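J.: predicted structure and sequence below. I'll ask about it afterward.
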Amino acid sequence: MNGVPSLSDLASRHTMLTGADVEWLHALVSDWQLIADLSFADLTLWAPVRDRRGWLAMAQMRPTTGPTAVHDDVVGLRITTGQRPLLDAAIAQRRICREGDPDWTSGVPVRAETIPVTRGERVIAVIERSTNLNSARTPSRLELTYLRGADDLARMVAEGTFPFPGEEPILVRSPRVGDGLLRLGRQGQVTYASPNALSAYRRLGLTADLVGADLGPVTARLYAPDEPIDDSLMVVASGRRPRETEVEANGSVVQLRAIPLVVGGSRTGALILVRDVTELRRRERELMSKDATIKEIHHRVKNNLQTVAALLRLQARRLSEPEARSALEEAVRRVGSIAVVHETLSLTPDEVVDFDDVAARVATMAVEVSAPELGVTPRLVGTFGRLPAAVATPLAMVLTELLQNALKHGFGPADGYSRGSVSRRLDTPERDGHEADSHGPDRPGPDGRGPISRGPDSLGPDGHETDSPGSDSCETVSLGPDSLGPDGRGPDSRGPDSLGPDGRGPDSRGPDSRGPDSRGPDSRGPDSRGPDSLVVTARRLPGKLTVMIADSGAGLPEGFDLSTSDSLGLQIVRTLVAAELGGSLTINGRPAGGTLVMVELPVETV
Ligand SMILES: Nc1ncnc2c1ncn2[C@@H]1O[C@H](COP(=O)(O)OP(=O)(O)O)[C@@H](O)[C@H]1O
Ligand SMILES: [Mg+2]
């Protein structure tokens, strides 16, 4: 058997219970913890099987207030008629039946009672109540109150007035007997208050005695005098309706649940379950504001990183040494890739990001920042899926680094810093203004941009400029068009060549499928290239993520060895992949030319 069968399953397979009967039983068992606790007894729900020759155990409940008498799981158990005469008696006599002597079969004295479950005019099932008499002693005031409450409820079950017809079952965790209990008399006055219930009322600010008081008015008075009194509060606190409410006063929050007791057609009073939920509510509020705070922090981190990137970029533009400029540009890119992750995180309450989105933006950024003039558009194939922030940030940096290498070493000019020709660059009006006089036209400076054209002041739709620490100098130093970051590349600001969802359609080539542009390494020269291909393939398997970055570029230099390569880019990649992500990294030349980098990471499903 696979797990415990559900009440509905058992009912439809083995009994003659109708849909409405089953509904009734569902409502009963969603609330019968109360009866088990008040009785200090185990409850088993039995329904007659279809041929009426036996009984089937449909559900079971143990008390949280005392020891169990039924150690076995009995749900699904079938017994024949006559095996437990008390069950047959309850259905035949339509009343609560008690056994005279305790049953010792399980080794402890157990007293059994049976309560017919009545819906409308019919008895549809029977509750067997088993009390472990081992713990029985002279009952305290509390126990007596509990037991009396239990008896009232048992009679209501037999009379068909409990569960409360027509009331929605309470689905959230409602107070339990052990949380605190008040017994109200016929007129709504408190006749008994358990210690927990009394403490809860003390925390609400009650100083007077509770026993003897009218609970409705007493509870209402705890509210600030000028606050309107909640109607539902009065109804619940007076025990007239089977409802739940919350009282907030004196810095505490207390949940009240009323169970009106009507036995034999006359009102005998009510039980009020009382639970102090102050801590719970405070935690809930804290969690809610924590979510908002975390999002806000990610947003600010992103803004600050963008500012750092913009400052580095400005610095780069002032340098004339190509190597120095290139180093700063790389720093700009590294910082920018982290900013992308933080921006993604600032949009969700959980520390999980859709990495396909991040990858697309990182790829766009890699081209935009360093090689717009190459005319190479990375394609993304497959899916990264959702990744925890702790994986996403290093992976975004790794991807940036590897894309950058493909663009720079695979497709870039041999010297690594300059393409030697601007003929393929897209001229945009704003670039001319910044660049022509700051460095030679043959250098794709840090402000070289791809097809994505941004206005000079477009720091982004998020209004980042207003709180950017660099905003004062925005005008003079032109942070605008050069500023790095995810801004300005929403779906509508993307140029036709930038990477979008359509850039990874089913026709996208895998890393190993060389397209018509594949060439041998020796056929290439700076001016003889066809369309270059740069493909990122992500494959997410259970517990594992594989990322391949394949370019059709110049290929690795002679004698290249990853393990001995001591340049910064691959050193960063190696460290992040191995130490931070616990994965592996390989770089190889491709047979037909170009380079294939493979990253394999262990990743849990999130
Ligand atoms: N995709 C690639 N195609 C060709 N050569 C590559 C590629 N990736 C890395 N390399 C080689 O590996 C070297 C080390 O790369 P890296 O550590 O990132 O340093 P850097 O990019 O600063 O040169 C590069 O200088 C280049 O020779
Ligand atoms: Mg590099």
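T.: Arrived safely. Ligands and ions are numbered 1, 2, ... in the order given.
J.: CA only for contacts and neighbour counts going forward, please
T.: Fine.
J.: tell me where the stretch 51-200 of the chain has strands.
T.: For the stretch 51-200 of the chain, applying DSSP state E, counting those that start in this stretch gives strands covering 54-61, 78-80, 97-98, 110-119, 122-132, 181-184, 190-193.
J.: go on, the stretch 251-400 of the chain?
T.: Using DSSP E, counting those that start in this stretch, strands in the stretch 251-400 of the chain cover 252-263, 266-276, 352-354, 379-382, 386-388.
J.: relative to Leu312, which of the ones you listed is closest?
T.: strand 352-354 (27.0 Å; CA to CA).
J.: so how far is ligand 1 from the nearest residue to Arg155 once chain neighbours are set aside?
T.: Using CA to CA, 6 or more residues apart in numbering and skipping the chain neighbours, the partner closest in space to Arg155 is Val263 (6.6 Å). Distance, Val263 to ligand 1, using CA to the nearest ligand atom, to the nearest Å: 82 Å.
J.: where does the protein get nearest to ligand 2, which residue?
T.: In the chain, the residue that lies nearest ligand 2 is Gly569 (4.1 Å; CA to the ion).
J.: where's that residue relative to Phe355, distance?
T.: Per CA to CA, to the nearest Å, Gly569 is found 22 Å from Phe355.
J.: also Gly180?
T.: On the measure of CA to CA, Gly180 and Phe355 end up 49 Å apart.
J.: reformat the strands of the stretch 51-200 of the chain as JSON lines; add mean neighbour count and distance to Asp42.
T.: JSON lines is the format used below for the strands of the stretch 51-200 of the chain (neighbours: other CA atoms under 10 Å; distance: least, CA to CA, whole Å):
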{"stretch": "strand 54-61", "mean neighbour count": "23", "distance to Asp42": "6"}
{"stretch": "strand 78-80", "mean neighbour count": "16", "distance to Asp42": "18"}
{"stretch": "strand 97-98", "mean neighbour count": "18", "distance to Asp42": "15"}
{"stretch": "strand 110-119", "mean neighbour count": "25", "distance to Asp42": "10"}
{"stretch": "strand 122-132", "mean neighbour count": "24", "distance to Asp42": "5"}
{"stretch": "strand 181-184", "mean neighbour count": "28", "distance to Asp42": "20"}
{"stretch": "strand 190-193", "mean neighbour count": "21", "distance to Asp42": "24"}
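J.: need these in a markdown table (columns: distance to ligand 2 and mean pLDDT).
T.: Shown next, in a markdown table, are those (distance: least, CA to the ion, whole Å; pLDDT from 0 to 100):
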| stretch | distance to ligand 2 | mean pLDDT |
| --- | --- | --- |
| strand 54-61 | 65 | 96 |
| strand 78-80 | 72 | 95 |
| strand 97-98 | 84 | 94 |
| strand 110-119 | 76 | 96 |
| strand 122-132 | 74 | 96 |
| strand 181-184 | 69 | 96 |
| strand 190-193 | 74 | 96 |
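J.: which one of those strands lies nearest to Arg257?
T.: In terms of CA to CA, the element of the strands of the stretch 51-200 of the chain nearest to Arg257 is strand 181-184, at 9.5 Å.
J.: what lines up beside that closest one in the sheet?
T.: strand 190-193 (antiparallel), strand 266-276 (antiparallel) (DSSP bridges).
J.: export it as PDB, just CAs?
T.: Written as PDB, here are the backbone C-alpha positions of strand 181-184 (Å, rounded to 0.1, in the frame of the first residue of the first chain):
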ATOM      1  CA  LEU A 181      -9.500  27.500  26.900                       C
ATOM      2  CA  LEU A 182     -12.400  29.400  28.400                       C
ATOM      3  CA  ARG A 183     -15.800  27.900  29.200                       C
ATOM      4  CA  LEU A 184     -18.700  30.300  29.000                       C
END
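J.: and it, how far from the chain's centre?
T.: Computed by CA atoms, centre = their mean, to the nearest Å, the separation of strand 181-184 from the middle of its chain amounts to 38 Å.
J.: same check on stretch 202-213?
T.: 41 Å.
J.: mind checking the pLDDT average for it?
T.: Across stretch 202-213, pLDDT averages out at 93.
J.: over to stretch 328-338?
T.: For stretch 328-338, mean pLDDT is 89.
J.: do you know the pLDDT at Arg84?
T.: For Arg84, the model assigns a pLDDT of 92.
J.: what parts of the protein come near ligand 2?
T.: Applying CA under 5 Å from the ion, we find that the chain lies next to ligand 2 at 405, 569.
J.: domain map for the chain?
T.: In terms of domains, the chain is parsed into 7-139+146-159, 177-276, 285-602 (source: automatic domain parsing).
J.: for those, which has the smallest mean pLDDT value?
T.: Ranked by mean pLDDT, these end with domain 285-602 at the bottom, a mean of 70.
J.: sorry, back to before: any chance of the domains of the chain in CSV, with distance to Pro165 too?
T.: Below are those laid out as CSV (distance: least, CA to CA, whole Å):
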stretch, distance to Pro165
domain 7-139+146-159, 8
domain 177-276, 10
domain 285-602, 34
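J.: so Arg539 makes contact with Thr546?
T.: Yes: counting by CA atoms under 8 Å, Thr546 is a contact partner of Arg539 at 5.1 Å.
J.: contact residues of this structure facing ligand 1?
T.: Contact residues (CA under 6 Å from any ligand atom) of the chain with ligand 1: 405-406, 409-410, 554-557, 567-571, 595.
J.: which members of the residues you listed occur in helices, if any?
T.: Members of these lying in helices (criterion: DSSP state H): 405, 568-571.
J.: make TSV out of these and add neighbour count.
T.: Shown next, in TSV, are those (neighbours: other CA atoms under 10 Å):
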residue	neighbour count
Asn405	19
Leu568	11
Gly569	17
Leu570	17
Gln571	15
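J.: just flag the most distant two among those.
T.: Pairwise distances across these peak at 12.5 Å for Asn405 and Gln571 (criterion: CA to CA).
J.: which residue would be the closest one in the stretch 201-350 of the chain to ligand 1?
T.: Ala327 (7.7 Å; CA to the nearest ligand atom).
J.: count the neighbours of that residue for me.
T.: When neighbours are defined as other CA atoms under 10 Å, Ala327 has 13 of them.
J.: again with the one 3 residues further on
T.: The number of residues packed around Glu330, counting by other CA under 10 Å, is 23.
J.: quick one: it from Leu403, how far?
T.: Glu330 sits 12 Å away from Leu403, going by CA to CA.
J.: and the residue nearest to Arg155, what are its bridge partners?
T.: When bridges are called by DSSP bridges, Val263 pairs up with Ser266.
J.: what's the answer for Arg386, then?
T.: On the basis of DSSP bridges, Arg386 is bridged to Asp354.
J.: pretty sure it sits against Ala359.
T.: No: using CA under 8 Å, Arg386 makes no contact with Ala359, being 11.5 Å away.
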